[in-house]
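*Asks:* Predicted model follows, preceded by the sequence.
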Amino acid sequence: MNPKKKWMGSGIEELVAQEMKDPAFRMAFSEARTKRIKKALGEMIRKARESQGLSQAALSKRARTTQTVISRIENLNTPYLPSVGVLARLAGALGAQIEITFIPGERAISSKYRLRVSSGT
C-alpha cells in the first residue's frame, strides 16, 4: 500500500479493491495468487502420489510424462505450472478428477482459491 494514501474503508475487501487500481499492486497480487495455486497443486499431487505408494517415476509412466515434470510440479521452489492437459493425465493416473472453479468479480478478491482433487467415482 502506498504510504501517501490514507485508507478510509471499513473492510479488507474495500482496501484490496482500492489498491487493485494500482498496476504495481495488481501485478504483485497476481504473482502471489499464482504462487499459492502452484503450491496447492504441488502439495496435492505429492500427497496423492505418496498415499498410493507411487514414486515420481511410477506416476510419470502412468501419466505419460517424465519424472522431471513430476519433480518440477512438486518442487515448491520452481515456477513451473503444468498445463491442463498434464493435470488431466496426472489426475487420471491417480484415479482422480480435476475441479477448477472461477469466482466472478469482487468475490474473487476476498475468496480463497480452492483446487480440489477428488476420487473419480
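*Replies:* Looks like it came in fine. Numbers count the residues shown, from 1 in each chain.
*Asks:* And the residue most central in space within the chain, what's its pLDDT?
*Replies:* Closest residue to the average C-alpha location of the chain: residue 37 at 1.5 Å, with Cα atoms, centre = their mean. Note on residue 37: pLDDT of 87.
*Asks:* hang on, it packs against residue 76?
*Replies:* No: here residue 37 does not reach residue 76: they are 11.7 Å apart, not a contact under Cβ atoms under 8 Å. (C-beta placed from N, C-alpha, C; glycine too.)
*Asks:* How far does the helix or strand containing residue 61 sit from its chain's centre?
*Replies:* Following DSSP states H and E, one finds residue 61 within helix 56-62. Computed by Cα atoms, centre = their mean, to the nearest Å, the chain-centroid distance of helix 56-62 equals 21 Å.
*Asks:* Distance from the chain centre to the helix or strand just after it, please.
*Replies:* Downstream of helix 56-62, the first helix or strand assigned by DSSP H and E is helix 67-74. From the chain centre to the centre of helix 67-74 is a distance of 15 Å (Cα atoms, centre = their mean).
*Asks:* tell me what helix 67-74 is packed against?
*Replies:* The contact analysis (3 or more Cβ pairs under 8 Å, 6 or more residues apart in numbering; DSSP states H and E) places helix 67-74 against helix 23-51, helix 56-62, helix 84-93.
*Asks:* Sketch out the low-pLDDT regions of the chain for me.
*Replies:* Along the chain, segments meeting pLDDT under 70 span 1-10, 104-121.
*Asks:* change it to 90
*Replies:* Low-confidence segments of the chain (pLDDT under 90): 1-37, 76-81, 97-121.
*Asks:* Share the number of residues neighbouring residue 58, please.
*Replies:* Applying other Cβ atoms under 10 Å, we find 15 other residues in the vicinity of residue 58.
*Asks:* ok, it to residue 64 distance?
*Replies:* As judged by Cβ to Cβ, to the nearest Å, residue 58 and residue 64 stand 13 Å apart.
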